[in-house]
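Undergrad: Here is a sequence together with a model predicted from it:
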Amino acid sequence: MASVFDPPEFDADSEGLETEHRVVVGDSRRLDALADDSVELVVTSPPYPLVEMWDGVFADLNPAVAGALERGDGPAAFEAMHAVLDEVWSELARVLVDGGIACVNVGDATRTLDGTFRVYQNHSRIVDAFEARGFDPLPEVLWRKPSNSAAKFMGSGMVPPNAYVTLEHEYVLVFRNGSRSREFEPGATCRYEAAYFWEERNRWFSDVWTDIRGELQALPGGDLRDRSAAFPFEVPYRLVNMYSVYGDTVLDPFWGTGTTSLAALVAGRNSVGYERDGEFAGVFAERVAELPALSRDVVGTRLADHRAFVADRRDVGEAFEYEARHYDVPVTTKQEQSIRLYEVETVESTDGGYRASHVPVSGGGCARESDS
């Protein structure tokens, strides 16, 4: 199968990066725009089965869903909804490279049907589906959703025993396509320039994220955002940095308002988004206008946070053995020495998506190296 998406290669000798970002309006149960083994990372947040706002979407895709809901048959509706998602997971097994990573953000659901209240464990059902397709589960992440609700229970209120805890977390399920990790040439520039700081590694690779508070800045979307499976920008941004390198392509088969593509753009990766509702492309066009400023904000924050970390360590008498090659800061480990961050300089529309130019950030902050 020939792919209609041919992202640029990472050029280790270039003074900047170019990335390509495709938006495909179509059904992700058939990822026809993508060739076999053409994607290195999947980051997505699908519609959540048995969450009421998604009933209509699933019923449109599988008529068995509507029938099960009308009968009040929760388990049958649950399975019919997941059967829709299963078709997408089968396509991911095809387009992901060997050793490629799939990250699925999902929450469980609580629902009363036919007079019975219960939890529907979406995360568990998705793990089973990926394993059946040859993926190896890796350690997952729990992150706590921001909530303004003062109610911390459901059910009988202030007396036992018939109250239920409130679901305030979501899962990032992580899977590897096959049993072997990706391999790189020793010292591969695309990998070592994409390193993260030691303290970022310790925070990002914890299995519980309690510091996600929402998006880094307010972004447009309105009612469409309420109809998407949008998650906070920080979630896909971390995952893109954790599980891909410069030159990789990131796929979101449930694209919505394009948060995964936004994260890939800021992180200097290529991306492809699949979305059934073409209206969302207009929302993303508004978000693209904010990209250079968002990119400077994100990169500037990362460097400022690292400098604060260095200052704190030095205040307690700690010393650093290594110096970053591209920045005027020390680093904790040898692997961090080549870290190089890029900011978005320009984004232009293309036939079917966007092309972005990225410039390396200088050692003094967020000024471009060519300006320093």
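TA: Structure received.
Undergrad: who's in contact with stretch 335-350?
TA: 16-17, 20, 189, 192-198, 265-266, 268, 288, 291-292, 294-296, 299, 302-303, 322-327, 331, 354-361, 366, 368 (CB atoms under 8 Å, 6 or more residues apart in numbering). Where you see a C-beta, it was placed from the backbone N, CA and C, and this is true even at glycine.
Undergrad: ok, now stretch 129-148?
TA: With CB under 8 Å, 6+ apart, stretch 129-148 has contacts from 82, 85-86, 89-90, 92-93, 101-102, 104, 107, 123, 127, 168-179, 206-210, 212-214, 232, 235.
Undergrad: Which of the residues you listed are buried, as a ChimeraX select command?
TA: Selection of buried members from those for ChimeraX, criterion 16 or more other CB atoms under 10 Å:
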select :82,85,86,89,92,93,101,102,104,107,123,127,170,171,172,173,174,175,176,177,178,209,212,232,235
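Undergrad: quick one: low-confidence parts of the protein?
TA: Per-residue confidence for the chain (pLDDT under 70) gives these ranges: 1-4, 12-14, 146-154, 156, 213-230, 363-372.
Undergrad: By residue count, tell me the biggest helix in it.
TA: helix 291-315 (DSSP state H).
Undergrad: Give me the contacts around that one.
TA: Outside helix 291-315, the residues touching it (CB under 8 Å, 6+ apart) are 197, 199-200, 216-217, 237, 262, 265-266, 320, 327, 329-330, 341-347, 356, 358, 361, 365-366.
Undergrad: Would you mind measuring from Val43 to Ser206?
TA: 18 Å (CB to CB, to the nearest Å).
Undergrad: if we can go back for a sec, any of the contacts of stretch 335-350 buried? List them.
TA: Neighbour counting by 16+ other CB under 10 Å classes 16-17, 20, 189, 192-198, 265-266, 268, 288, 291-292, 294-296, 299, 302-303, 324, 326-327, 331, 354-356, 358-361, 366 among these as buried.
Undergrad: which ones are touching the residue found closest to Thr333 once you drop the neighbours it is linked to in the chain?
TA: Closest residue in space to Thr333, ignoring its immediate chain neighbours: Trp198 at 5.6 Å, by CB to CB, 6 or more residues apart in numbering. By CB under 8 Å, 6+ apart, the contact set of Trp198 is 331-333, 336.
Undergrad: Can you show me the strands along the stretch 1-150 of the chain?
TA: Ranges of strands within the stretch 1-150 of the chain are 17-25, 39-44, 96-106, 109-113, 116-120, 135-144, based on DSSP state E, counting those that start in this stretch.
Undergrad: how far away is Thr210 from Glu170?
TA: Thr210 is 13 Å from Glu170, by CB to CB.
Undergrad: doesn't Gln121 make contact with Asp108?
TA: Yes: with contacts defined as CB atoms under 8 Å, Asp108 counts as touching Gln121 at a distance of 5.3 Å.
Undergrad: Those two: which has the busier surroundings?
TA: Applying other CB atoms under 10 Å to Asp108 and Gln121 shows that Asp108 carries more neighbours, namely 19 against 15.
Undergrad: Outside of stretch 169-184 itself, list whatever touches it.
TA: For stretch 169-184, contacts defined as CB under 8 Å, 6+ apart pick out 40, 92-93, 96-108, 123, 126-127, 130, 134-145, 190-191, 231, 235, 239, 243, 245.
Undergrad: Mind telling me which residue is nearest the centre of this structure?
TA: Pro236 (2.6 Å; CA atoms, centre = their mean).
Undergrad: hmm, back to that, just the buried ones out of the contacts of Trp198, please.
TA: Of those, these count as buried by 16+ other CB under 10 Å: 331-332, 336.
Undergrad: Tell me the one of these nearest Gly155?
TA: Thr332 (47.7 Å; CB to CB).
Undergrad: the helices in the stretch 201-350 of the chain, which residues?
TA: Taking DSSP state H, counting those that start in this stretch, the helices of the stretch 201-350 of the chain run over residues 222-226, 234-243, 259-267, 279-288, 291-315.
Undergrad: At which residues are the strands of the stretch 151-300 of the chain located?
TA: 153-155, 163-165, 169-177, 208-209, 249-252, 270-275.
Undergrad: and those as CSV, adding distance to Gly26?
TA: Shown next, in CSV, are those (distance: least, CB to CB, whole Å):
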stretch, distance to Gly26
strand 153-155, 38
strand 163-165, 39
strand 169-177, 22
strand 208-209, 32
strand 249-252, 13
strand 270-275, 6
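Undergrad: Kind regards, and thank you for your time.
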